[in-house]
Structure formats: structure tokens, C-alpha cells
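# Take this sequence and fold it.
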Amino acid sequence: MEFQILLILSIFGIFETGYLIYKRKRKEKPMCVIGKGCSVVLNSKYDKTMGIHNDLLGLIYYLIVITVLILNLPYLTELSLIIGAVSSLIFMSIQFAILRSFCFWCTTSAVTVFAMNLIYFL
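Numbering: from 1, shown residues only. Below is the predicted model of the structure:
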């Protein structure tokens, strides 16, 4: 059951990051379901990590999680989940403490990653 839930959450993450990539490529603002800070966060200097857009990194992350789950690699599953949680914590800190904005999509992704960690480790 744990496997299926993690897989579903990863697929959800792929759709969420895919939406952001789609909107960015079309130079459109994503719909900000709650709040008005999506554009502030997504267009900030923190939108890239080592020159790579964070939405693309998120997509890669979810694909990696799916891969290690399917290949049944527990150590790499744990490692990828921990890296995702730490990264999400850093991005959420930047969003709230530095940018002082709320991005629905960024927060949704972080909540998804934190939920995956809770399900796997508890």
C-alpha cells in the first residue's frame, strides 16, 4: 500500500511540475489558486538552482522517486526522499522568509514531498 501511495503522490507531483513548466514555456502566469504570490516566487532570482529552473528539478525529482520505487531500491528511495524534504524546506524558507510571498504551486509540491516522507518513514 505504501508503494502505491508514494507512486500516486509522485505522479501528482509530475502533473504539478509539468503544469508549471508548461506555463513557463508559454510565458503565461500560472493560475494562483490561493494568494497572489505565485508570480513573485516563480519570477524571483531563486527560481533556478545551479542554472536549472526549480520546476524542472521538481519534475526530475519525482521521476527519480518513481524509478527507485519501481526498481525497489530502498536506500536510494530513502536518500531521494530525504533530499527532496531538505530541498523543499529550503525553498519554503526562501519563499516565506526572504521573498515574503506564498506560491500555491510551490507549497503544494513541498506538502507532497513532506507527505511522501511521512508515509515512507512512519
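
# Give me the most central residue, the chain.
For the chain, the residue nearest the mean C-alpha position is S109 (3.7 Å; Cα atoms, centre = their mean).

# What are the buried residues along whichever strand or helix holds I8?
According to DSSP states H and E, I8 maps onto helix 2-25. Of the residues in helix 2-25, 6, 9-10, 12-14, 16-17, 20, 23-24 count as buried by neighbour count, 16 or more other Cβ atoms under 10 Å. No exception for glycine: its C-beta is placed from N, CA and C like everyone else's.

# same for that helix, what does it pack against?
Helix 2-25 sits against helix 54-70, helix 104-121, with contacts defined as 3 or more Cβ pairs under 8 Å, 6 or more residues apart in numbering; DSSP states H and E.

# Next secondary structure after it?
Per DSSP H and E, helix 2-25 leads on to helix 38-42 as the next helix or strand towards the C-terminus.

# so where's this protein uncertain?
Regions of the chain meeting the criterion pLDDT under 70 are absent.

# closest one to M31 among the helices and strands packed on helix 2-25?
Distance to M31, taken as Cβ to Cβ, is lowest for helix 104-121 among the helices and strands packed on helix 2-25, at 8.5 Å.
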